[in-house]
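>>> What would the 3D arrangement of this be:
(one chain, ligands or ions: 2)
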Amino acid sequence: MTSADDLASRRAAEAIRISTALSSEKGLRLEEIEEGEHMVAWVTEKLCIGCDHCTIACDDDAIELYHKDMISPMMNVPSNRKARILRDPCTGCRLCVLACPTDAIEMIER
Ligand code: SF4
Ligand code: SF4
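Numbers count the residues shown, from 1 in each chain. Ligands and ions are numbered 1, 2, ... in the order given. So this is what the prediction gives:
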């Protein structure tokens, strides 16, 4: 029978494996994403979970979070946040694309 210590050890090893795989994937993706001042980030609202990762990654204060009412009034949550890009300060660096866990951000031409 698997002990709690064994399970914790296997979970830790699996977390490292997943993290390494994701980092590798993101590194490959970085080369595929076009950057530059002619590009600007764009958030697909329905994919955004308001996690705040992109605002932390962005050095240019080009992302803000706003509140959006839930579609169903039955859902009672204190805040349903979404991210939006501020076009003027966005430098097209694409860091937010890599930071987003739900692939809600893409780079588009200005
Ligand atoms: S592309 Fe760069 S500057 Fe523009 S919103 Fe994303 S992280 Fe900020
Ligand atoms: S990182 Fe992605 S999911 Fe999280 S707030 Fe930004 S756009 Fe939304």
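>>> Need the residue closest to the centroid of this protein.
C100 (1.1 Å; C-alpha atoms, centre = their mean).
>>> ok, that one - contacts?
Counting by C-beta atoms under 8 Å, 6 or more residues apart in numbering, C100 touches 53-54. C-beta here means a position set from N, CA and C on the backbone, and glycine is covered the same way.
>>> repeat that for 10 Å
When contacts are counted by C-beta atoms under 10 Å, 6 or more residues apart in numbering, C100 touches 41, 43-44, 47-49, 51, 53-54, 57, 83, 106.
>>> Let's see the PyMOL selection covering just the buried ones among the residues you listed.
A single PyMOL command selects the buried members of the contacts of C100 (16 or more other C-beta atoms under 10 Å):
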select buried, resi 41+43+48+51+53+54+57+83+106
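>>> filter the contacts of C100 down to the ones near ligand 1?
Filtering the contacts of C100 for proximity to ligand 1 (criterion: C-beta under 6 Å from any ligand atom) leaves 41, 57.
>>> one step back: any figure for the gap between the residue nearest to the centre of the chain and ligand 1?
9 Å (C-beta to the nearest ligand atom, to the nearest Å).
>>> ok so, going back, closest one of the contacts of C100 to ligand 1?
Nearest to ligand 1 out of those is A41 (C-beta to the nearest ligand atom; 4.0 Å).
>>> On the three-state scheme, the closest one is what?
strand (DSSP: H, G, I helix; E, B strand; the rest coil).
>>> Tell me, what's the model's pLDDT at it?
What the model reports for A41 is a pLDDT of 97.
>>> Who's the closest spatial neighbour of it, skipping the chain neighbours?
I85 (4.6 Å; C-beta to C-beta, 6 or more residues apart in numbering).
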